[in-house]
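Asker: requesting a structural model of the entry that follows:
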Amino acid sequence: MNSGEKLYIWQADDWPTWRFDLQTLAGPLAEVSRAQGVLLGRLADVGLALRDQASLAALTADVVKSSEIEGEVLNVESVRSSIARRLGVDIGALAPVDRRVEGVVEMVFDATAHSAEALTAERLFGWHAALFPTGYSGMNRLTVGQWRDDATGPMQVVSGPEGRRKVHFEAPPAHVLPAEMARFLSWANAETGEPVLIKAGLAHLWLVTLHPFDDGNGRIARAVGDLFLARADGSPQHFYSLSAQIQRERNDYYDVLERTQRGGLDATEWLSWFLGTLLRAVGSAQSSLDVVLAKSRFWQRWAGIPLNERQVKLLNRLLDGFEGKLTSSKWAAIAKCSPDTALRDITQLLDLGLLKKSPGGGRSTGYALVDQVPAMSGR
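Answerer: Numbers count the residues shown, from 1 in each chain. From the prediction side, this is the model:
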């Protein structure tokens, strides 16, 4: 950047005086609030065990998809196991503890289950240290548990091959971070008058703009947004995943962020996008709740049928929405058993009437559930 050139909102003379058109946002705010109320109303009508299952599904999606946005793929079973241990939910055999997974889960849990607690530098440092327990991101050594120092140059968001890099955004220099983060945290912990959902969107945008860490800024910003959303819900349990919806719309996410960070301090466009994405996230949670209720009805229907651990695991995978065709070879790989054992498991379920052969055929036979007992939507 040339001296005196103002490309980014943090360089504005009135930074960070956020502005937004509340009249434009009133409709989206009302829609989201209504959708949240409908979802929480449905959850109030089911038992504690099903609420825990719904929370398990939402938190698993949140952890997995927030990492996917940054290009990091976590083992879904390890994530589910880690969250299930914390929720006290019985999901059968638990996956081995994964140190990387544990750190991300700890951050998300702290943000949502302890949303009423003050957001402090020490708390953010703890989240950052949990994300990078080895002090490395890939092969790169990080400054962990403290603000970045820009020792290797300015913090930039770039794309493209070496020699043809495009700079999408450059964050404020490291020397201003202590003051900038103190100002952000003071705002975050004060009663500042904005609707809570607006504050969640502004907090996400503000923290992404400051990019205060060497790595993990997107995940931490989304966790901060989740903290404010949990405050809006007034519940320590989390039943929808904004991160999962952002992952579905990640190109739009980056585009609107870049436009906003290169524009003025009017955040109306960003907040409109944020609220729309949140509305779609709550809608997806309704579908996830349908799956949880369908699973409950399925197991109620087949209660008393003697099944082994492998069969329970694979039936639950089908109930959760198995991608592609389930074959005996995939069964063997997922259940970690021999092909002969997999075929015996499947044959028994065919005889019991729980599974059926999928139409189509081809080189390998596929299998599907006979009946999932449709759930009532209530929407």
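
Asker: which strand or helix spans residue 247?
Answerer: helix 242-248 (DSSP states H and E).

Asker: what is that helix packed up against?
Answerer: Contact analysis of helix 242-248 by 3 or more C-beta pairs under 8 Å, 6 or more residues apart in numbering; DSSP states H and E lists helix 48-69, helix 217-233, helix 268-301 as its packing neighbours. From N, CA and C alone the C-beta is placed, and that goes for glycine too.

Asker: just the mean pLDDT for stretch 49-62, thanks.
Answerer: For stretch 49-62, mean pLDDT is 87.

Asker: give me the contacts around it.
Answerer: 43, 46, 76, 79-80, 83-84, 87-89, 91, 105, 108-109, 112, 226, 237-244, 285, 288-289, 291-293, 295-296 (C-beta atoms under 8 Å, 6 or more residues apart in numbering).

Asker: which element, helix or strand, includes the residue nearest to residue 324 when sequence neighbours are not counted?
Answerer: The shortest distance from residue 324 to any non-neighbouring residue, by C-beta to C-beta, 6 or more residues apart in numbering, is to residue 330 (7.9 Å). Of the helices and strands defined by DSSP H and E, residue 330 is found in helix 328-335.

Asker: would you confirm that residue 158 belongs to a strand?
Answerer: Yes: under DSSP: H, G, I helix; E, B strand; the rest coil, residue 158 sits within a strand.

Asker: would you agree it is in contact with residue 171?
Answerer: No: applying C-beta atoms under 8 Å as the test, residue 158 and residue 171 come out as separate, 11.8 Å apart.

Asker: make a markdown table from the helices and strands packed on helix 242-248 and add distance to residue 16 and mean neighbour count to it.
Answerer: As requested, these are arranged in a markdown table below (distance: least, C-beta to C-beta, whole Å; neighbours: other C-beta atoms under 10 Å):
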| stretch | distance to residue 16 | mean neighbour count |
| --- | --- | --- |
| helix 48-69 | 24 | 21 |
| helix 217-233 | 15 | 22 |
| helix 268-301 | 13 | 19 |
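
Asker: the lowest-mean-pLDDT helix or strand in the chain: what's the following helix or strand?
Answerer: Of the helices and strands making up the chain, the lowest-confidence element is strand 156-159, at a mean of 82, by mean pLDDT, DSSP states H and E. Toward the C-terminal end, the helix or strand that comes next after strand 156-159 (DSSP H and E) is strand 166-170.

Asker: quick one: mean pLDDT over that following strand.
Answerer: If you average the pLDDT over strand 166-170, you get 87.

Asker: how near is the most centrally placed residue in the chain to residue 319?
Answerer: The chain has residue 62 as the residue nearest its centroid, 2.0 Å off, counting by C-alpha atoms, centre = their mean. Computed as C-beta to C-beta, to the nearest Å, the residue 62 to residue 319 distance reads 20 Å.

Asker: over to residue 26?
Answerer: From residue 26 across to residue 319, the span is 40 Å (C-beta to C-beta).

Asker: can you pick out the residue with more neighbours from the two?
Answerer: More neighbours sit around residue 319 than around the other of residue 26 and residue 319, counting by other C-beta atoms under 10 Å; the figures are 17 against 11.

Asker: where does the prediction get shaky in the stretch 1-150 of the chain?
Answerer: Using pLDDT under 70 as the threshold, the predicted model of the stretch 1-150 of the chain has low-confidence ranges 1-5, 92-95.

Asker: so which residues of it form strands?
Answerer: In chain order, the stretch 1-150 of the chain shows strands spanning 136-137, 140-141, with DSSP state E, counting those that start in this stretch as the criterion.

Asker: so can I have TSV of these showing mean neighbour count?
Answerer: Shown next, in TSV, are the strands of the stretch 1-150 of the chain (neighbours: other C-beta atoms under 10 Å):
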stretch	mean neighbour count
strand 136-137	14
strand 140-141	11
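
Asker: show me what secondary structure element comes after the helix holding residue 247.
Answerer: Assigned by DSSP H and E, the successor of helix 242-248 is helix 250-262.

Asker: specify the angle between that following helix and helix 217-233 in degrees.
Answerer: When axes from the mean of the first three to the mean of the last three C-alpha atoms, to 10 degrees is applied, the directions of helix 250-262 and helix 217-233 differ by 90 degrees.

Asker: now do the buried residues in helix 250-262.
Answerer: Residues of helix 250-262 classed as buried: 253, 254, 256, 257, 260, 261 (neighbour count, 16 or more other C-beta atoms under 10 Å).

Asker: and the pLDDT for the residue nearest to the first one when sequence neighbours are not counted?
Answerer: Taking C-beta to C-beta, 6+ apart, and ignoring the residues beside it in sequence, residue 253 has residue 246 as its nearest neighbour in space, at 5.1 Å. Looking at residue 246, its pLDDT is 94.

Asker: count of residues packed around residue 246?
Answerer: The burial count assigned to residue 246 is 25, neighbours taken as other C-beta under 10 Å.

Asker: now swap in residue 127 and tell me
Answerer: The burial metric for residue 127, expressed as a neighbour count using other C-beta under 10 Å, is 23.

Asker: my read: it touches residue 105, true?
Answerer: No: at 11.4 Å, residue 127 does not count as touching residue 105 under the criterion of C-beta under 8 Å.

Asker: next, the contact list for the residue lying closest to residue 136 once chain neighbours are set aside, please.
Answerer: Leaving aside its sequence neighbours, residue 136 sits nearest to residue 142 (C-beta to C-beta, 6+ apart; 6.4 Å). Going by C-beta under 8 Å, 6+ apart, residue 142 touches 132, 135, 136, 214, 215.

Asker: remind me which helix or strand the last one belongs to.
Answerer: With elements taken from DSSP H and E, nothing contains residue 215; it lies in neither a helix nor a strand.

Asker: just want the phi and psi numbers for it.
Answerer: Backbone torsions of residue 215, given as degrees, to the nearest 10, read phi -160, psi 160.
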